[in-house]
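K.L.:
Any chance you could fold what I've pasted below:
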Amino acid sequence: MSRASAPEVVLHDLTVAYDRQPAVHHLNGRFAPASLTALVGPNGAGKSTLLKTIVGVLRPAEGRVARSPAGDIAYLPQRAEIERDFPIAVLDTVLLGHWRRIGWGGGVTPAMRETALAAVAAVGLHGLEQRTVGSLSVGQFQRMLFARMMVQDAPLILLDEPFAAIDAGTTADLLALIARWHGEGRTVIAVLHDLAQVRDNFPETLLLAREGVAWGATETVLTLANLQRVRDLLDPWTAEALAGERRRA
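P.N.:
As a prediction, the model looks like this:
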């Protein structure tokens with residue numbers, strides 16, 4: 001994929017509300033083509049809401065989201081929103097990444113199957129192709145979902161807390177895959193909580209507290225001053241983040 005074909009996502013005075021209460025408030029900005037951006041902020045800051053609005057699950061109350069060029073989106077919601085009890089095998093789940101190509105009346109081609117098998121192997125699940133998804137560990141399950149996104153081959157990738165409750169080894173492997181997607185020229189946006197992880201792996205950051213606090217190069221966004229600007233929304237994440245920044249200062 002060339003960087004010229006990567007989509008940009010532009011937010012025009014975006015407000016998204018639940019029961020008339022704004023969860024995202026008058027947000028303006030641009031995720032550049034082929035950018036790799038971390039979306040961070042306190043609990044309840046509107047991070048998941050923003051991703052769902054970009055995908056189209058939620059409608060803006062005001063303003064709009066513009067994607068150019070339009071194209072497929074690979075979206076990974078929070079783990080709590082994903083059904084793990086459905087009796088389906090790992091390989092069949094990964095093959096669902098081909099859904100737009102298969103459609104209702106089509107079938108899986110040998111080439112599609114080979115692509116899915118390669119993705120399963122790439123995320124470290126070789127030999128588990130016929131395991132049911134409910135028998136996987138949390139880390140294995142997340143690897144499988146990343147394999148499905150590999151098969152989907154979308155130019156825009158949205159990840160909502162992709163490393164929650166998974167081990168350090170799995171996190172490192174999936175971070176490497178995200179870096180690979182970025183290197184391929186895809187536009188990637190990820191909701192994250194670990195600021196050290198953001199600093200080490202994400203060149204761009206949007207700090208959100210229902211409205212945009214700061215957006216740009218990570219080193220200019222994740223400052224003590226900016227984190228203090230969200231102190232009126234203090235929760236354990238924000239308190240820990242501020243403490244960490246003071247230790248760095």
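K.L.:
Please enumerate the helices of the protein.
P.N.:
Listed in chain order, the helices of the chain (DSSP state H) span 47-55, 90-95, 99-102, 110-122, 138-152, 168-183, 195-201, 218-221, 224-228, 236-248.
K.L.:
between these, which one is nearest to residue 11?
P.N.:
Residue 11 lies closest to helix 47-55 among the helices of the chain, at 8.1 Å (CB to CB). Every C-beta, even on glycine, is put in place using the N, C-alpha and C of the backbone.
K.L.:
is it true that residue 120 touches residue 90?
P.N.:
Yes. Residue 120 lies in contact with residue 90 (CB atoms under 8 Å); the separation is 6.6 Å.
K.L.:
leaving aside the residues next to it on the chain, what's closest to the most centrally placed residue in the chain?
P.N.:
Nearest to the mean C-alpha position of the chain, counting by CA atoms, centre = their mean, stands residue 159 at 1.2 Å. In space, and not counting its chain neighbours, residue 159 is closest to residue 190: 4.1 Å by CB to CB, 6 or more residues apart in numbering.
K.L.:
now that neighbour: how far from residue 78?
P.N.:
Using CB to CB, to the nearest Å, one gets 12 Å for the distance from residue 190 to residue 78.
K.L.:
what residues are shared contacts of those two?
P.N.:
residue 160 (CB atoms under 8 Å, 6 or more residues apart in numbering).
K.L.:
hmm, back to that, need the contact list for the residue nearest to residue 159.
P.N.:
Applying CB under 8 Å, 6+ apart to residue 190 gives the contacts 37-39, 158-160, 162, 178, 202.
K.L.:
Any chance of the helices of the chain in TSV with distance to residue 22 as columns?
P.N.:
Shown next, in TSV, are the helices of the chain (distance: least, CB to CB, whole Å):
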stretch	distance to residue 22
helix 47-55	10
helix 90-95	36
helix 99-102	33
helix 110-122	39
helix 138-152	30
helix 168-183	30
helix 195-201	25
helix 218-221	22
helix 224-228	21
helix 236-248	19
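K.L.:
need those helices in a markdown table with mean neighbour count, mean pLDDT and distance to residue 69, can you?
P.N.:
Formatted as a markdown table, the helices of the chain follow (neighbours: other CB atoms under 10 Å; pLDDT from 0 to 100; distance: least, CB to CB, whole Å):
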| stretch | mean neighbour count | mean pLDDT | distance to residue 69 |
| --- | --- | --- | --- |
| helix 47-55 | 22 | 96 | 15 |
| helix 90-95 | 22 | 95 | 26 |
| helix 99-102 | 13 | 75 | 16 |
| helix 110-122 | 16 | 95 | 23 |
| helix 138-152 | 22 | 95 | 17 |
| helix 168-183 | 16 | 96 | 18 |
| helix 195-201 | 16 | 96 | 27 |
| helix 218-221 | 16 | 97 | 27 |
| helix 224-228 | 16 | 90 | 32 |
| helix 236-248 | 14 | 60 | 35 |
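K.L.:
how about these, which one is nearest residue 65?
P.N.:
Set against residue 65 and scored by CB to CB, the helices of the chain come closest in helix 47-55, at 5.5 Å.
K.L.:
packing partners for that closest one?
P.N.:
Counting contacts by 3 or more CB pairs under 8 Å, 6 or more residues apart in numbering; DSSP states H and E, helix 47-55 packs against strand 8-18, strand 21-31, strand 36-40, strand 62-68, strand 73-76, strand 156-160, strand 187-191.
K.L.:
Great, nothing more from me.
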